[in-house]
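K.L.:
quick one: sequence and predicted model below, then my questions.
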Protein chains: 2
Amino acid sequence: VRRLARKRRGGGEDAATLSLSYKIHIASENNFPTAAGLASSAAGYACLVSALARLYGLEEELSEVARRGSGSACRSMFGGFVQWQRGERPDGTDSLALQVAPETHWPELRVLVLVVSGEKKPVGSTVGMQTSVETSPLLKHRAEVVVPERLAQMMRHIQERDFEGFGQLAMRDSNQFHATCLDTFPPIFYLTDLSRQIIALAHRYNAHHGHTKVAYTFDAGPNAVIFTLADTVAEFVEVVRRSFPPATNGDQFVRGLPVGSAMLSQELVAAVVTEPVPGAVQYILHTK
Amino acid sequence: VRRLARKRRGGGEDAATLSLSYKIHIASENNFPTAAGLASSAAGYACLVSALARLYGLEEELSEVARRGSGSACRSMFGGFVQWQRGERPDGTDSLALQVAPETHWPELRVLVLVVSGEKKPVGSTVGMQTSVETSPLLKHRAEVVVPERLAQMMRHIQERDFEGFGQLAMRDSNQFHATCLDTFPPIFYLTDLSRQIIALAHRYNAHHGHTKVAYTFDAGPNAVIFTLADTVAEFVEVVRRSFPPATNGDQFVRGLPVGSAMLSQELVAAVVTEPVPGAVQYILHTK
């Protein structure tokens, strides 16, 4: 970032911006679990690059710089829907993020992060992905055949704000990513018994409603990311609260954006809340 | 079986064999968990067909009859190493089992079944496999590309009694089968957190010894089937006993063939027995 700033300033110093000779002390803080498959390093690097750019008065797009810290950090430089393009060059300089649609495109879309564990994952995602590339015959097929098709489909669902299509594909693709982890040798497991219970809960909930009201996706960890629409948040949060009754932090169980209260019908509870597991979900983060 | 017997006898009754007009009362008993992914239905059907054939004095090979009860039952009509051939005919009559090598071919090979759960599995294997065929893009690739190659490899490893190759391939293929279950929609999970712990234990044990001493395979359930050689049985059983200390049935923890006792070195224990989970493995069945 400093090198870029030097280039922009053309060698001359400007009293209104920070001197490039200053040393910088960086203190970083993160309010959600790190190394737990919630893309905390991507968020951290994106934030660092963004803060430095503002400090040095840079106004250009810096996803290429962020990518050097953590591959997926380039995606985190944008809001809304972002595609990380593979690129062609061997040095990776064209492996960049591209905004598919801005954050204003689908205002009803909501995200619920079900934080189940702050434990560090057994296999880091960068090393894990390298081992998968080397040993999984299914990953090769996924990358060459399945992903290109699905990427085009997913863009269409986003453009059309088609939650049914978007949610189905998000779930199928999350499952297939974890399938290739299992096909890695030795196998990598990011999903736990609790992740499985959340997956089963989402399918029971959708089956009860007769269509896709919530969709899960899991990154390199057991925490569930749930996509849903604004009108479903309160009801599904109540379903999660009944299914995984909070142990001690009942008042801090839901964090982030406010969530209204919801009454559940007896039919819904009977069909969806089958075997409550107290304390299994630490908290829910509600965000856009 | 009765129809076949009628054909063989050519209509005439023979005083030495059972009359075909007799009604038969069948009482069947099974001494290991059913519907737990241990192929109990295959064993049951194979046993039923075999018993009826003996009753009616039939001496021919009856795997085609057994297959009608349970697909995999045709394999159970033989000892040793058996291949279930896909067949070409639409009615499935040529989808039969073939013995690859007799039970005398590899006398040192042993099987340890780690019974972790007698619970019924959430999805039956027949229905599960149908859903996988319909919804998993990875299963299609596995069936068309990966399995034919691996089948040929596996035959070679068996012919050459190459435990390293046999074990590696058994583990990789078990993992890939479960990967396609996860790629099914909705996903099917037969492996549990405990299965994962057993998988990790096997990899640590092999890593400690620097080569493949044990190999796991999981069918449609969480119970582990461990392949190993006779000289490794006692040591590995002791490793399992230390890793999953029996809760109450210490004296019945190992069943089947006798297992000698083994002393574990401190290095082995330190490297392999990391976090004991008491009571998690119900018992071990030692067989050939």
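P.N.:
Happy to help now that I have it.
K.L.:
if I look at residue A:172, what pLDDT would I see?
P.N.:
Per-residue confidence at residue A:172 stands at 98 (pLDDT).
K.L.:
and the strands in the stretch 101-250 of chain A?
P.N.:
A:109-115, A:214-217, A:224-229 (DSSP state E, counting those that start in this stretch).
K.L.:
ok, which of those comes nearest chain B?
P.N.:
Chain B lies closest to strand A:214-217 among the strands of the stretch 101-250 of chain A, at 10.2 Å (C-beta to the nearest C-beta). For the C-beta atoms, the positions are set from N, CA and C on the backbone; glycine is no exception.
K.L.:
which strands or helices does that closest one pack on?
P.N.:
helix A:163-182, helix A:193-209, strand A:224-229 (3 or more C-beta pairs under 8 Å, 6 or more residues apart in numbering or on different chains; DSSP states H and E).
K.L.:
measure stretch A:229-247 end to end?
P.N.:
One end of stretch A:229-247 sits 27 Å from the other (C-alpha to C-alpha, to the nearest Å).
K.L.:
contacts only, for the residue in the stretch 1-150 of chain A positioned nearest to chain B.
P.N.:
Residue of the stretch 1-150 of chain A nearest chain B, by C-beta to the nearest C-beta: residue A:141 (4.3 Å). By C-beta atoms under 8 Å, 6 or more residues apart in numbering or on different chains, residue A:141 lies in contact with B:137-138, B:141, B:145.
K.L.:
which of those are buried?
P.N.:
B:137-138, B:141 (16 or more other C-beta atoms under 10 Å in any protein chain shown).
K.L.:
in helices, which of these fall?
P.N.:
B:137-138, B:141 (DSSP state H).
K.L.:
which pLDDT value belongs to the residue lying closest to residue A:55 once chain neighbours are set aside?
P.N.:
Excluding the flanking residues, the one nearest residue A:55 by C-beta to C-beta, 6 or more residues apart in numbering or on different chains is residue A:18, at 5.5 Å. pLDDT for residue A:18: 72.
K.L.:
one step back: can you redo the buried ones among the contacts of residue A:141 as CSV with distance to residue A:164?
P.N.:
Converted to CSV, the buried ones among the contacts of residue A:141 look like this (distance: C-beta to C-beta, whole Å):
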residue, distance to residue A:164
B:137, 19
B:138, 23
B:141, 26
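K.L.:
where in the stretch 101-250 of chain A is pLDDT low?
P.N.:
Along the stretch 101-250 of chain A, segments meeting pLDDT under 70 span A:117-125, A:249-250.
K.L.:
how about the residues of it by chain B?
P.N.:
With the criterion set to C-beta under 8 Å from any C-beta of the partner chain, the stretch 101-250 of chain A comes near chain B through A:137-138, A:141-142, A:145-146, A:168, A:171-172, A:175-176, A:178-180, A:182-187, A:189, A:192-193, A:196, A:199, A:203.
K.L.:
mark which of those residues are buried, thanks.
P.N.:
Buried among those by 16+ other C-beta under 10 Å: A:137-138, A:141-142, A:146, A:168, A:171-172, A:175-176, A:178-180, A:182-187, A:189, A:192-193, A:196, A:199, A:203.
K.L.:
picking up where we left off before, any figure for the gap between the residue of the stretch 1-150 of chain A closest to chain B and residue A:179?
P.N.:
Computed as C-beta to C-beta, to the nearest Å, the residue A:141 to residue A:179 distance reads 11 Å.
K.L.:
likewise for residue A:47?
P.N.:
Residue A:47 is 32 Å from residue A:179, where distance means C-beta to C-beta.
K.L.:
try residue A:108
P.N.:
30 Å.
K.L.:
cool, residue A:163 as well?
P.N.:
24 Å.
K.L.:
and stretch A:272-288, does that touch chain B?
P.N.:
No: judged by C-beta under 8 Å from any C-beta, stretch A:272-288 stays clear of chain B, getting no closer than 11.3 Å.
K.L.:
show the end-to-end separation of that stretch, please.
P.N.:
End-to-end for stretch A:272-288, by C-alpha to C-alpha: 25 Å.
K.L.:
okay, buried residues for it please.
P.N.:
A:272-273, A:280-286.
K.L.:
can you verify my assumption that residue A:151 contacts residue A:83?
P.N.:
Yes: look at residue A:151 against residue A:83 with C-beta atoms under 8 Å: they come within range, at 7.3 Å.
K.L.:
what about these two, which has more around it?
P.N.:
residue A:83 (17 against 14; other C-beta atoms under 10 Å in any protein chain shown).
K.L.:
just give me the neighbour total for residue A:23.
P.N.:
4.
K.L.:
wasn't it part of a strand?
P.N.:
No: assessed by DSSP: H, G, I helix; E, B strand; the rest coil, residue A:23 does not belong to a strand; its assignment is coil.
K.L.:
what's the separation between it and residue A:55?
P.N.:
Distance from residue A:23 to residue A:55, by C-beta to C-beta: 13 Å.
K.L.:
same deal with residue A:184?
P.N.:
Taking C-beta to C-beta, one finds residue A:184 at 41 Å from residue A:55.
K.L.:
what's the answer for residue A:247, then?
P.N.:
For residue A:247 relative to residue A:55 (C-beta to C-beta), the value is 42 Å.
K.L.:
who's more crowded, these two?
P.N.:
Of the pair residue A:247 and residue A:55, residue A:55 is the one with more neighbours under other C-beta under 10 Å, namely 15 against 12.
K.L.:
give me the pLDDT for the more buried one.
P.N.:
With respect to pLDDT, residue A:55 has a value of 85.
K.L.:
just residue A:100 next, same as before
P.N.:
On the pLDDT scale, residue A:100 gets 89.
K.L.:
can you tell me the element it falls in?
P.N.:
Per DSSP states H and E, residue A:100 falls inside strand A:97-101.
K.L.:
how far off centre is that strand?
P.N.:
Computed by C-alpha atoms, centre = their mean, to the nearest Å, the chain-centroid distance of strand A:97-101 equals 15 Å.
K.L.:
ok, residues contacting it?
P.N.:
Contacts for strand A:97-101 (C-beta under 8 Å, 6+ apart): A:63, A:67, A:74-75, A:77-85, A:155, A:158-159.
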